[in-house]
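1. A predicted structure for the sequence below; I have some questions about it.
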Amino acid sequence: MSTMPLESAAHPEQLRRVVIEPLSRVEGHGKVTLLMDEDDHVQQARLHIVEFRAFEKFIQGRPYWEVPVMVQRLCGICPVSHHLAACKALDQVVGATQLTPTAEKIRRLMHYGQILQSHALHFFHLSSPDLLFGFDSDVAKRNIVGVAAAYPDVAKQGVLLRKYGQEVIRHTAGKRIHGTGSVPGGVNKSLTAAERDELQKDIYQIIAWSRDAVRLVRQLFEQDLETYRSFGTFEARTLSLVRADGAMDLYHGGLRAQHADGTTIFDHVDYGHYWEQISEEVKAWSYMKFPYLRALGHEDGWYRVGPLTRVTRCDFIPTPLADRERREFLAFDDGRAARSTLGFHWARMIEMLHSAEAIKDLLHDADLLGHDLMASGPRQARGVGVIEAPRGTLIHHYRVDENDQVARANLIVSTTHNNHAMNIAIREVARKYLDGRKLTEGLLNHIEVAVRAFDPCLSCATHAMGKMPLDVQLVDAEGVVIDSLVRGSK
Amino acid sequence: VSEPAGPRAPVLVLAVGNPSRGDDALGPELAARLEAAALPECLEVIVEFQLQVENALDLVDRERVIFVDAGTGTPAPFELRKAAPTPDFLHTSHALSPEAVLATYARITGEPPPESWVLCVRGEAFELGEGLSEAASRHLEAAWQQLKRLF
């Protein structure tokens, strides 16, 4: 059993249980449980996420060339990330150790479009209501309608930024959803001049709005410095991809792991043997595994991935506007913002700006219109693909048999990497804001604010109506519901 | 930011669902039937995994919108109801209700949304890699008959 503070209470049978669920549209796929004693002190805090259990089974037995399309059905919110990570792994299976310039740039364009639209959605639709109106504010304000009423331009920009990213995906992946643009060994289409021109037309506006978004987050930090410094903040080891020269590279690179103080655990490690560095622990109380760095062991080896890690742990961002913002972020408040959980939001907007700049650069690269799309080489039995998805490092690992069928698959998704870190954040918030108080909607929202900072992927891609409400239950030690609160039901 | 040029079909069917998640495929299945049945010119069909904010832009210049989705806990075999703008309070960036899409439309355009309906077909099981359940298959047939009568 772990010895992490507040992970396990000494006598849980004597405690009152507070359940916040669901955090997704699928029953039981995300909840927070708080075990409270009679004096309303939090004795145990855990985030439960049920996800991805059937992924490997879903993929096994499929012809390998179907996999890049099939994996898009794992996640409805970042299908492009799975599409590209699968292709990167299967490039190795078909012996394509070096993609053609056109293929790599089309894939990068697709990826930056995905990062842009995902980050825009997260900030403008999910998190900005919390940040603009405060964590205790009226529920009716804490959604995009509330934002739109108070900040009409910001809300509209969020929608249009998202739309632009989707258009980049549509042109590069072939379709709005279930795209087929990337295939093992390359891509099956490049851009036409007309498609490029259409995307070029709006990109400078997209960059301008992205810069505005970074500045908006900075203003939010400046207005309530103490909250931003301390909210759910903790020291964390980190894991991310970086380019060979240390630059941020969201599409490809070597693995970099650092201690909380920035010292190196390992750097520029070939991800083709990721299992030599990363292992996964199973805990009885959670369906989701807990990855850790082998060198530090399962107790101390947990780490954090995602925008905050990438922005703070790269040596520089290879686009000028985003790099300037990165340096300002790192320097702000003597570096405290870059160590705070809410710093995720600032980092996310810096990455959105970087993606917009990267899209602009690619749209002025003639290789995007090229016709040399595929590469190949000696067939391999195994392939590993790693990409920095919007929420963090995403690993796809396949073994393909002599019949071209996937014999084994292993996926480690961003939310799994962040499992332990999210639990730590929730405990910090529970300790500071909930302990010893009566529960209120605003207080419970503090927990959700911490969850939202990570934007976990909650076994998405299912969205049946009827599973939207947030159900808050107070259950006594005998399991009797003594109070409940349902909101947002649809 | 520019919008797609050219006139739009006055009626939009926005079908939602993941075809690999059991009964979540009800929306895409109905969309496929519509498309196979030679769509009238007045009709456009869009299929999405999930509704998101940008779907508000799909509603621009429409006279009528029909959201088609699977539902849990909804009356069997389906429920057809008129939809009005209502904001969601979300905990994740992973989904949006039809009513929230309408609310987003109203706020970003300053106009009331087009007349909107939700055809919500009851599903029972949503596991990855599963096909439609028997019950959902029956609900699909009933919903298909209803959907055809809407045009």
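-> Arrived safely, thanks for sending.
2. Is it correct that B:S116 falls within a helix?
-> No - using DSSP: H, G, I helix; E, B strand; the rest coil, the secondary structure at B:S116 is strand, not a helix.
3. Run through the bridge partners of it.
-> As for beta bridges, B:S116 partners with B:V65, B:A83 under DSSP bridges.
4. Give me the neighbour count for it.
-> 23 (other C-beta atoms under 10 Å in any protein chain shown). In this view, the C-beta of every residue, glycine as well, is placed from N, C-alpha and C.
5. wait, what's in contact with it?
-> B:59, B:64-67, B:82-84, B:98, B:102 (C-beta atoms under 8 Å, 6 or more residues apart in numbering or on different chains).
6. what does A:T319 give?
-> So A:T319 contacts A:353-354, A:357-358, A:361 (C-beta under 8 Å, 6+ apart).
7. farthest-separated two in the residues you listed?
-> A:L353 and A:D361 (12.8 Å; C-beta to C-beta).
8. Tell me which of those two has more neighbours.
-> More neighbours surround A:L353 than the other of A:L353 and A:D361, with 29 against 16 (other C-beta under 10 Å).
9. per-residue confidence for that one?
-> We have a pLDDT of 98 for A:L353.
10. quick one: it and A:A208, what's the gap?
-> Using C-beta to C-beta, to the nearest Å, A:L353 is found at 10 Å from A:A208.
11. follow-up on the earlier one: so which of the contacts of A:T319 are in helices?
-> Per DSSP state H, helices hold the following members of the contacts of A:T319: A:353-354, A:357-358, A:361.
12. contacting residues around A:I169?
-> A:I169 neighbours (C-beta under 8 Å, 6+ apart): A:80, A:110, A:113-114, A:117, A:176, A:179.
13. could you pick out which of the residues you listed are near chain B?
-> A:R176 (C-beta under 8 Å from any C-beta of the partner chain).
14. I'd like the contacts of A:I169 laid out as TSV, including neighbour count.
-> Converted to TSV, the contacts of A:I169 look like this (neighbours: other C-beta atoms under 10 Å in any protein chain shown):
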residue	neighbour count
A:V80	30
A:M110	26
A:G113	27
A:Q114	28
A:Q117	27
A:R176	15
A:G179	20
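15. Same list (the contacts of A:I169) but as CSV, adding distance to B:R107, pLDDT and secondary structure.
-> Below are the contacts of A:I169 laid out as CSV (distance: C-beta to C-beta, whole Å; pLDDT from 0 to 100; DSSP: H, G, I helix; E, B strand; the rest coil):
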residue, distance to B:R107, pLDDT, secondary structure
A:V80, 27, 92, helix
A:M110, 30, 97, helix
A:G113, 25, 97, helix
A:Q114, 25, 94, helix
A:Q117, 19, 92, helix
A:R176, 23, 71, coil
A:G179, 30, 80, coil
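16. Would you mind listing what in the stretch 151-300 of chain A touches chain B?
-> So the stretch 151-300 of chain A meets chain B at A:152, A:155-156, A:158-160, A:162-164, A:166, A:176-177, A:198, A:201-202, A:205-206 (C-beta under 8 Å from any C-beta).
17. Tell me the secondary structure at A:F266.
-> At A:F266, secondary structure determined by three-state DSSP is strand.
18. and it, how many neighbours does it have?
-> Counted with other C-beta under 10 Å, A:F266 comes out at 16.
19. swap in A:Q219?
-> 10.
20. helix or strand for it, which one?
-> Using DSSP states H and E, A:Q219 maps to helix A:193-223.
21. quick one: average confidence on that helix?
-> On average, helix A:193-223 scores 94.
22. what does stretch A:337-344 give?
-> 92.
23. Need the pLDDT of the nearest residue to A:A45 once chain neighbours are set aside.
-> In this structure, A:A45 finds its nearest non-sequential neighbour in A:A430, 4.3 Å apart by C-beta to C-beta, 6 or more residues apart in numbering or on different chains. pLDDT recorded at A:A430 is 79.
24. before we move on, what about A:Y287?
-> Reported pLDDT for A:Y287: 64.
25. of the contacts of B:S116, the lowest pLDDT goes to which?
-> Among the contacts of B:S116, B:P98 has the weakest pLDDT, 90.
26. and the closest residue to A:K432 other than its chain neighbours, how many neighbours?
-> Residue nearest to A:K432 in three dimensions, not counting chain neighbours: A:S230, with 7.4 Å by C-beta to C-beta, 6+ apart. When neighbours are counted by other C-beta under 10 Å, A:S230 registers 15.
27. Output the contacts of B:S116 in CSV; the columns should cover neighbour count.
-> As requested, those are arranged in CSV below (neighbours: other C-beta under 10 Å):
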residue, neighbour count
B:L59, 21
B:R64, 16
B:V65, 25
B:I66, 24
B:F67, 25
B:K82, 8
B:A83, 19
B:A84, 13
B:P98, 28
B:L102, 24
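28. A:E299: which of those is nearest?
-> Closest to A:E299, out of all of the contacts of B:S116 and judged by C-beta to C-beta, is B:P98, at 46.6 Å.
29. residues touching the closest residue in space to that closest one that isn't next to it in sequence, list them.
-> Distances taken as C-beta to C-beta, 6+ apart put B:F67 closest to B:P98, at 4.0 Å, once the chain neighbours are dropped. If you count contacts by C-beta under 8 Å, 6+ apart, B:F67 has them with B:14-16, B:51, B:83, B:98, B:101, B:116-119.
30. Repeat the analysis, applying 7 Å as the threshold.
-> B:14, B:16, B:83, B:98, B:116, B:118 (C-beta atoms under 7 Å, 6 or more residues apart in numbering or on different chains).
31. hang on, the earlier thing: how close does the residue nearest to A:K432 get to chain B?
-> Look at A:S230 and chain B: by C-beta to the nearest C-beta, to the nearest Å, they are 22 Å apart.
32. ok, now A:Q92?
-> Distance from A:Q92 to chain B, by C-beta to the nearest C-beta: 25 Å.
33. And the helix or strand hosting that residue, what does it pack against?
-> Per DSSP H and E, A:Q92 falls inside helix A:79-93. In terms of contacts (3 or more C-beta pairs under 7 Å, 6 or more residues apart in numbering or on different chains; DSSP states H and E), helix A:79-93 is packed against helix A:67-70, helix A:101-120, strand A:182-183, strand A:382-389, strand A:392-400.
34. Looking at the ones you listed, which is nearest to B:G131?
-> Nearest of the helices and strands packed on helix A:79-93 (C-beta to C-beta): helix A:67-70, 14.7 Å.
35. is any part of that closest one close to chain B?
-> No - counting by C-beta under 7 Å from any C-beta of the partner chain, chain B is not contacted by helix A:67-70; separation bottoms out at 7.5 Å.
36. on that earlier part again, quick one, what contacts the residue nearest to A:A45?
-> A:6, A:34, A:42, A:45, A:447.
37. from the residues you listed, which single one is nearest chain B?
-> Of all these, chain B sits closest to A:I447, with 10.0 Å by C-beta to the nearest C-beta.
38. tell me which helix or strand of the chain sits lowest on mean pLDDT?
-> No chain in the question, so chain A it is. Ranking every helix and strand in chain A by mean pLDDT, DSSP states H and E puts strand A:470-475 at the bottom, with a mean of 45.
39. please go with chain B instead
-> Sorted by mean pLDDT, DSSP H and E, the helices and strands of chain B bottom out at helix B:98-109, which shows a mean of 87.
40. Can you give me the distance of the residue nearest to the spatial centre of chain A to chain B?
-> For chain A, the residue nearest the mean C-alpha position is A:R391 (1.2 Å; C-alpha atoms, centre = their mean). Shown here: A:R391 relative to chain B, a distance of 10 Å by C-beta to the nearest C-beta.
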